[in-house]
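Undergrad: No sequence on hand, only this structure:
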């Protein structure tokens, strides 16, 4: 290859100006799309070529993300501050603590739950492949119960409601994150109560 051709190969040629704004590219601390339950959408899948979304969340003390799995997307969670407890694979699966600075991969098709067993809020970043989880988050803001009923059919998100009671009896968690529930630790039969509420909502909707 001639020297001139090598130089051309590594020379940037001017193109039309980038058609995006600074606001679209830069999200400063506290900026982003605020949700009704504490998640902040920093980048949607449409901003990232349809590949993944980026969200920042805060899990309050004694909150639990209900056990569930994603059929169509893998996820990666980064703990900014505080710590989270994880269970992957259900009761007979893996359990571990993720302190600040940890990365936790949540593969598609594997049941997972996580919670804040401390007395301090935990801040984390959630990266989710494709747009399924992002669409679910949008739906939860409009109607939490309706989104739970449609989660499996519309976004391939399968919730294990029967596992919530076990986790609340075993670990120091009392509320469900994202759904803004009251203290559930004293509900006698939590599984039956949740199923009954969902059935009632479905019947009346």
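TA: Looks like it arrived, so ask away. These numbers come from a predicted model, not from an experiment.
Undergrad: What ranges does this protein have for its helices?
TA: For the chain, the helices defined by DSSP state H cover 3-9, 22-25, 132-142, 144-155, 164-170, 190-204.
Undergrad: tell me how far the second one is from the chain's mean position?
TA: Spelled out, that is helix 22-25. Between the centre of helix 22-25 and the centre of its chain there are 23 Å (C-alpha atoms, centre = their mean, to the nearest Å).
Undergrad: begin at 50 from here
TA: OK, 50 is where the count begins now, so the last one is helix 71-74.
Undergrad: need the strands for the protein, in chain order.
TA: Along the chain, the segments classed as strands by DSSP state E run 82-83, 89-92, 101-108, 112-119, 124-130, 132-137, 143-148, 152-155, 161-164, 171-178, 206-208, 224-225.
Undergrad: Just say which of those strands is most tucked in.
TA: Stretch with highest mean neighbour count among the strands of the chain: strand 161-164 (a mean of 24; mean count of other C-beta atoms under 10 Å). Yep, even glycine has a C-beta here, placed from its N, CA and C like the rest.
Undergrad: Tell me the helices and strands packed up against that strand.
TA: Counting contacts by 3 or more C-beta pairs under 8 Å, 6 or more residues apart in numbering; DSSP states H and E, strand 161-164 is packed against strand 112-119, strand 132-137.
Undergrad: could you dump the ones you listed to CSV with distance to residue 196 and mean pLDDT?
TA: Formatted as CSV, the helices and strands packed on strand 161-164 follow (distance: least, C-beta to C-beta, whole Å; pLDDT from 0 to 100):
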stretch, distance to residue 196, mean pLDDT
strand 112-119, 12, 96
strand 132-137, 23, 98
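Undergrad: So for residue 228, what's the pLDDT?
TA: Predicted confidence (pLDDT) for residue 228: 74.
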